[in-house]
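Student: Here is a sequence together with a model predicted from it:
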Amino acid sequence: MKSLFAVIIFLGFSILSGAQERIAIKHGPYLQNLKETEVTIAWVANKPSVGWVELAPDDNSHFYQIERPKYHNVSNGLKNISLVHSVTITGLKPGTKYRYRIYSQEVLDHRGWEIMYGRTAATAVFRVQPLTFTTNDRNKPETSFIMVNDVHENADYLRQILEVADHGAVDMVIFNGDMMNYFIDEAGMFSGFMDAAIDVFAKEIPMYFARGNHETRGPFAFDFHQYFSQGEPNLYFMIRQGPVCFIFLDTGEDKPDSDIEYSGISDFDNYRTEQARWLSEAVKSKDFTEAKFRVVIAHKPPVTAGGLLWHGQKEVLEKFVPILNDANTDIMLCGHLHRHLIHKPDDKIKFHVIANANRVALKGTVKDNQLELTVIDLNGNIVDKLVLEK
């Protein structure tokens, strides 16, 4: 009898202990779509919570010296109660370094206008240095970036290629699609590549994501925008950093919308037409026309290594390329083919196109009127190099 009583007590304490698991930051934080005057900071908590960011200048003051301004995860005037948090901060100064701290406060109960709060989780600023980021600056004379693509949820490979490409010495990292095989759930996404990205660089170096065709596949594909480019109205957008204007395009799926593999869920032909209308206006903006170099990031290239173009690539060629030809585009950086290919300008495509392979990193450096693009393999060897001059 005593043994049974002890078992009951043990189970009771076990259940109580599980129910009282403390709130924690489960994934993140990570920087999204950093610009000259704004940034989006995202993270995931393990319990429903309200989230916010505290921001401080990078001066000699301690983070605790004064109360720092708070920026909340808000939608339409209400603080979101969520597991996934993203906070877009605007009104920042170009080329300026900031310190930041994220918070999630658990919401235990919400009835009518009454809310019961629990504990709070936050990143550390006392015994370790606060996290930082530096805003973009179009007047910066030089910039650098790393692009990787077609990782297909190989987190170990991602860590290795970022290390050999010297990720800590660049302004940004670009994910150019197919980072996963299928978007099934949040856990698979973070274990597949995002936890590695956060651990290696994304807390302090911004990541920009051009969606690939594999990110459109699976039930979790509908949640993509909740985790990436959250501050943008669409998954296609434009940014300036130093002498470069980057346009990010979402090239969608690679086969016709009616293909049996898509089970009637795709409408990418209309989506690419919508993007083309946006692109025709974007290339007229001062951000684009006044940049020394104009770089387009798109997962599917308008070229192929022999053979014929698939439908999605043909759409890129027919809908995007004519606009980019007329806009004096310098280069389009792509993936998708799983092999290295450089297309030189011709009568049909009047700018360079690089299709980056899936087991290398493409490192770009802009300095002294040159855009240098270097392809680096897993052993740190230079596979190829292209230099554009202005």
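Tutor: Received the coordinates, thanks.
Student: Run through the strands of the stretch 1-150 of the chain in chain order.
Tutor: Applying DSSP state E, counting those that start in this stretch to the stretch 1-150 of the chain gives strands spanning 25-32, 39-57, 70-72, 74-75, 78-79, 82-89, 97-111, 114-122, 131-134, 143-148.
Student: per-residue confidence averaged over the second one?
Tutor: Within the predicted structure, the mean pLDDT of strand 39-57 is 98.
Student: Which residue ranges of the stretch 201-350 of the chain form helices?
Tutor: Assigned by DSSP state H, counting those that start in this stretch, the helices in the stretch 201-350 of the chain fall at 224-227, 268-282, 286-289, 311-315, 321-326.
Student: circling back to that earlier point, reformat the strands of the stretch 1-150 of the chain into JSON lines and put distance to residue 364 and mean neighbour count next to each item.
Tutor: For every residue, glycine as well, the C-beta is placed using N, CA and C. Listed next are those as JSON lines, based on distance: least, Cβ to Cβ, whole Å; neighbours: other Cβ atoms under 10 Å:
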{"stretch": "strand 25-32", "distance to residue 364": "19", "mean neighbour count": "22"}
{"stretch": "strand 39-57", "distance to residue 364": "21", "mean neighbour count": "22"}
{"stretch": "strand 70-72", "distance to residue 364": "31", "mean neighbour count": "15"}
{"stretch": "strand 74-75", "distance to residue 364": "35", "mean neighbour count": "11"}
{"stretch": "strand 78-79", "distance to residue 364": "39", "mean neighbour count": "13"}
{"stretch": "strand 82-89", "distance to residue 364": "26", "mean neighbour count": "21"}
{"stretch": "strand 97-111", "distance to residue 364": "22", "mean neighbour count": "18"}
{"stretch": "strand 114-122", "distance to residue 364": "35", "mean neighbour count": "13"}
{"stretch": "strand 131-134", "distance to residue 364": "18", "mean neighbour count": "18"}
{"stretch": "strand 143-148", "distance to residue 364": "5", "mean neighbour count": "24"}
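Student: Dump these into a markdown table; add distance to residue 377 as well.
Tutor: Formatted as a markdown table, these follow (distance: least, Cβ to Cβ, whole Å):
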| stretch | distance to residue 377 |
| --- | --- |
| strand 25-32 | 26 |
| strand 39-57 | 31 |
| strand 70-72 | 41 |
| strand 74-75 | 44 |
| strand 78-79 | 47 |
| strand 82-89 | 35 |
| strand 97-111 | 33 |
| strand 114-122 | 40 |
| strand 131-134 | 29 |
| strand 143-148 | 12 |
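Student: Of these, which is nearest residue 319?
Tutor: strand 143-148 (22.6 Å; Cβ to Cβ).
Student: what pairs with that closest one, and is each one parallel or antiparallel?
Tutor: Strand 143-148 has the following strand partners under DSSP bridges: strand 172-175 (parallel), strand 360-367 (antiparallel).
Student: can the ones you listed go into a markdown table with extra columns for distance to residue 136 and mean pLDDT?
Tutor: Listed next are the strands paired with strand 143-148 as a markdown table, based on distance: least, Cβ to Cβ, whole Å; pLDDT from 0 to 100:
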| stretch | distance to residue 136 | mean pLDDT |
| --- | --- | --- |
| strand 172-175 | 8 | 98 |
| strand 360-367 | 13 | 97 |
